[in-house]
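In: Generate coordinates for the sequence data below:
(2 chains)
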Amino acid sequence: MGAMTHEGAEASVGSAEPTRWARAAALFVKWRDGDTRAMDELVRLMTPLLWHVVRAYGLDRALAEDVVQTTWLTLVRRHESITEPQAISGWLTMVARREAWRVGKLQRRADPTEAESLEPHLPARESAEQTAATDDESRRLWLAVAQLNERCQRLLRIVAFEERPDYARIAQDMAMPIGSIGPTRQRCLGKLRTILEGDGWGGDSDGD
Amino acid sequence: METEDFAADAALFARMRQMWQDVDPVPADLVDRMVATVAVEDLSREYALLTLVEASQLSSVRGESDSATLQFSDGTTSVLVHVTAAEDGSRRIDGWVDAATLAIRLVQAEREWSANPGDRGRFVFENVTPGVARIRLVVKDAEGEMYDFQTPQFEV
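Out: Here you go, the predicted structure:
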């Protein structure tokens, strides 16, 4: 890996591009300094990430959209209280996770079977075209991930999308001891690898 | 952790990212709607000003039998607003925008109201306090370009 000088480089695994974390921080600082359009770019940059983090909590798509929106409105209303503008990416995902957790609890209470057993396991297939477009490798990987328990699925999805996962906060939000997040993550990855190996993952010629 | 393990984990996480992007993609217009929602909420933003092009004779609503109609435009985008009084003295604002509207908000000094832009640019604000107000909105043109506007203040 080459020398990387900018902040946040440690998370970028061999890429010379500024990380999303660093870009988000730069945009937020620009916006605070009076460039109102920088907010548009920040919203464009971070909304897809927030979507995946929120969906990790098993919320249906409509509720997930609401949570993403609440997260942005919280930023606009409370930005003055943000003391570390460099950590804006983590601040946003934290707000999104907490809101998703809160809303998810209400959803589960309102409709226990739907929310607990079905939603987290069903990917959204909105149209036939989309199903056809879904890459075969993705489908097989999804089927493997779907065999993991709910907690593993959630943790892996959050870690996959957050560039700098904040284990202390994730632990708090998922009601797990802090020290267990790293090992849990490895255990979940290990289980996933076992399932994938059992499926003959890596040989691309088999299957359909 | 060994560098090799770290790289293998990172590769697997990258594949999982791709997988979730495939099986559970971000809704097509979510990003635009979020940009618009934040824009109408952001008080520090400078909006292009629409001008009042037409107003009904009655410029303000005093009672239940009154109504006022105003039209604002910048030459390309027009907003039509119809104000009526409800029984309880609050105002109802029915409006129409001749462009795809992503977010719309009614702003008064003390309070703000959001509306869900419906089909064909229609929107409604209910239980609005009588007084001075303005509307902020974000629209998208046929090319997908987004514009934000605000009306001058008007009395409701």
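
In: what does chain B have sitting close to chain A?
Out: B:7, B:9-10, B:12-27, B:30-31, B:33-35, B:37-39, B:41-42, B:44-46 (CB under 8 Å from any CB of the partner chain). Using the backbone N, CA and C atoms, a C-beta is placed for each residue, glycine as well.

In: Mind listing residues that contact stretch A:174-189?
Out: Contacts to stretch A:174-189, defined as CB atoms under 8 Å, 6 or more residues apart in numbering or on different chains, come from residues A:101, A:148, A:151-152, A:154-156, A:159, A:167-168, A:170-172, B:9, B:12.

In: Tell me the buried residues in it?
Out: Neighbour-count burial for stretch A:174-189, counted by 16 or more other CB atoms under 10 Å in any protein chain shown, picks out A:174, A:181, A:184-185, A:188-189.

In: one step back: which single one of the contacts of stretch A:174-189 is nearest to A:V54?
Out: Lowest distance from A:V54 to the contacts of stretch A:174-189 (CB to CB) belongs to A:W101, with 9.7 Å.

In: Tell me if the closest one really is in a helix.
Out: Yes: secondary structure of A:W101 (DSSP: H, G, I helix; E, B strand; the rest coil): part of a helix.

In: Does it touch A:Y57 like I think?
Out: Yes: taking CB atoms under 8 Å as the definition, A:W101 is a contact partner of A:Y57 at 6.2 Å.

In: So which of these two has more stuff around it?
Out: Set A:W101 next to A:Y57 and count neighbours by other CB atoms under 10 Å in any protein chain shown: A:Y57 wins out with 28 against 17.

In: list the helices and strands the longest helix seen in chain B packs on?
Out: For chain B, the helix with the greatest residue count under DSSP state H is helix B:3-23. With contacts defined as 3 or more CB pairs under 8 Å, 6 or more residues apart in numbering or on different chains; DSSP states H and E, helix B:3-23 has these neighbours: helix A:38-55, helix A:136-145, helix A:150-161, helix A:181-198.

In: Could you check the angle it makes with helix A:181-198?
Out: Angle of helix B:3-23 versus helix A:181-198, following axes from the mean of the first three to the mean of the last three CA atoms, to 10 degrees, is 70 degrees.

In: was I right about A:V29 contacting A:I82?
Out: No: contact between A:V29 and A:I82 fails when scored by CB under 8 Å: they sit 10.7 Å apart.

In: Residue 41: neighbour count?
Out: Reading this off chain A. Using other CB under 10 Å, A:E41 is surrounded by 17 other residues.

In: The intended chain is chain B.
Out: For B:E41, using other CB under 10 Å, the count is 21.

In: Backbone dihedrals for the nearest residue to it once chain neighbours are set aside, please?
Out: What sits nearest to B:E41 in space, not counting adjacent residues and going by CB to CB, 6 or more residues apart in numbering or on different chains, is A:V76, at 4.8 Å. Torsion angles at A:V76 (phi, psi; degrees, to the nearest 10) stand at phi -60, psi -40.

In: wait, A:V76 sits on B:V40?
Out: No: contact criterion CB under 8 Å: A:V76 and B:V40 do not qualify, at 9.9 Å.

In: Export the helices and strands packed on helix B:3-23 as a markdown table, with columns for mean pLDDT.
Out: Shown next, in a markdown table, are these (pLDDT from 0 to 100):
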| stretch | mean pLDDT |
| --- | --- |
| helix A:38-55 | 96 |
| helix A:136-145 | 88 |
| helix A:150-161 | 92 |
| helix A:181-198 | 90 |
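
In: count of neighbours near the residue in chain B positioned nearest to chain A?
Out: Of all residues in chain B, B:V23 sits closest to chain A, at 3.6 Å by CB to the nearest CB. Other residues lying near B:V23 total 22 when counted by other CB under 10 Å.

In: where's it relative to A:I181, distance?
Out: Distance, B:V23 to A:I181, using CB to CB, to the nearest Å: 25 Å.

In: Can you list the low-confidence ranges for chain A?
Out: Judged against pLDDT under 70, the low-scoring parts of chain A cover residues A:1-16, A:111-134, A:165-166, A:202-208.

In: Spatially central residue for it, please.
Out: A:V53 (2.9 Å; CA atoms, centre = their mean).

In: So it is in contact with A:T93, correct?
Out: Yes: using CB under 8 Å, A:V53 is in contact with A:T93, at 5.3 Å.

In: between those two, what contacts are shared?
Out: With CB under 8 Å, 6+ apart as the test, A:V53 and A:T93 both reach A:158, A:162.

In: Please, which helix or strand holds B:F123?
Out: strand B:122-128 (DSSP states H and E).

In: just checking, what packs against that strand?
Out: strand B:91-97, strand B:100-107, strand B:112-115.

In: want to try a markdown table for those, with mean neighbour count as columns?
Out: Shown next, in a markdown table, are these (neighbours: other CB atoms under 10 Å in any protein chain shown):
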| stretch | mean neighbour count |
| --- | --- |
| strand B:91-97 | 20 |
| strand B:100-107 | 22 |
| strand B:112-115 | 17 |
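
In: could those strands be laid out in JSON lines, adding distance to A:I195 and mean pLDDT?
Out: Converted to JSON lines, these look like this (distance: least, CB to CB, whole Å; pLDDT from 0 to 100):
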{"stretch": "strand B:91-97", "distance to A:I195": "51", "mean pLDDT": "94"}
{"stretch": "strand B:100-107", "distance to A:I195": "42", "mean pLDDT": "93"}
{"stretch": "strand B:112-115", "distance to A:I195": "45", "mean pLDDT": "89"}
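
In: want to throw the ones you listed into a markdown table with distance to A:I88?
Out: Shown next, in a markdown table, are those (distance: least, CB to CB, whole Å):
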| stretch | distance to A:I88 |
| --- | --- |
| strand B:91-97 | 32 |
| strand B:100-107 | 22 |
| strand B:112-115 | 24 |
